[in-house]
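**Q** Got a predicted structure plus its sequence, pasted below:
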Amino acid sequence: MFKKFSDNIYIQPADGYTDRPNVGYIKGEKYALLFESGNSRANADLLRDDLEKQGLKQPDIVAISHWHWDHSFGLHAWNVPTIAGGKTNEKLREVRLWEWDDASMAKRVETKEDIVFCNEMIKREYPDRSQIKVVPADIEFTDTMKIDLGGIECILMHAKGPHSDDRVICYIPKEKFVFLGDSNGKDLYGKPWHFDIEHEEDFMKEVSAIPYDKEVVREYLAFLDNLDFENCIGGHADIMTKEELYRSLK
């Protein structure tokens, strides 16, 4: 269920069982924007149902933070304009050619195109993997995109975060709030780590042991220094203050 942060911002909490991310809903006087598409049609349907139950209008625009499946595989389920960064769309055009049988998924782990953790979560979210449909967003941008929802502006910005090279955040200046996507997260693709679905209790310990690239973190903090915000939320954790975010990175 979407939780109200303010009159203009609502957040659907992440669900770790199938790695569904936090989803942001920003409501203006004219339009509403959803930040993150969900990781499947089932996830998107749940988001729609929750908005209806709470008397909130359905989104007029859906934007995503980066290409990783949990943030992008629900794009096809929204019959509204969708937005992604140019690098994200480039990757999604590649991913939509992937096959989803066991052998193909295992091969991508060998070639480091994908990781075991994502494979296991995809299998949970999609009992029938023939239902996976990957599409690029309708609209792409290269640097920054400002969207006036009516009385409140959202700014989609490419951020120099450690998680992936196509990361986009959603900054709402009026609310002094930032949806970080996974931009503050560890690099799960570029650094070695172990995941065993039979021992999920070790997940956080494993991720915590992955080192940050200190230079990338410095660039990320320098980028964030230019934003006037008080609160933020990443892709899979709770709301943090700006100070809490900085402490987690330093």
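**A** Thanks, I have it. Residues are numbered from 1 along each chain as shown.
**Q** Which parts of the protein are strands?
**A** Here the chain has its strands, by DSSP state E, at 3-4, 9-12, 23-27, 32-35, 61-63, 82-85, 139-141, 144-148, 153-158, 168-172, 177-181, 231-234, 239-241.
**Q** okay if I get those strands as a markdown table plus distance to residue 51 and mean neighbour count?
**A** Quick note: C-beta positions are derived from backbone N, CA and C, even for glycine. As requested, the strands of the chain are exported to a markdown table (distance: least, CB to CB, whole Å; neighbours: other CB atoms under 10 Å):
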| stretch | distance to residue 51 | mean neighbour count |
| --- | --- | --- |
| strand 3-4 | 12 | 12 |
| strand 9-12 | 8 | 21 |
| strand 23-27 | 7 | 26 |
| strand 32-35 | 8 | 25 |
| strand 61-63 | 12 | 25 |
| strand 82-85 | 17 | 25 |
| strand 139-141 | 22 | 16 |
| strand 144-148 | 18 | 14 |
| strand 153-158 | 17 | 20 |
| strand 168-172 | 17 | 25 |
| strand 177-181 | 17 | 27 |
| strand 231-234 | 18 | 22 |
| strand 239-241 | 20 | 15 |
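**Q** By mean pLDDT, point me to the weakest helix or strand of this protein.
**A** When each helix and strand of the chain is scored by mean pLDDT, DSSP states H and E, helix 203-208 comes last, with a mean of 84.
**Q** mind checking the longest helix of the protein?
**A** helix 41-53 (DSSP state H).
**Q** got the strands of the chain as CSV, with distance to residue 206 and mean pLDDT columns?
**A** Listed next are those as CSV, based on distance: least, CB to CB, whole Å; pLDDT from 0 to 100:
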stretch, distance to residue 206, mean pLDDT
strand 3-4, 28, 98
strand 9-12, 26, 98
strand 23-27, 25, 98
strand 32-35, 27, 98
strand 61-63, 30, 98
strand 82-85, 28, 98
strand 139-141, 34, 97
strand 144-148, 35, 98
strand 153-158, 28, 97
strand 168-172, 26, 97
strand 177-181, 21, 97
strand 231-234, 18, 98
strand 239-241, 22, 98
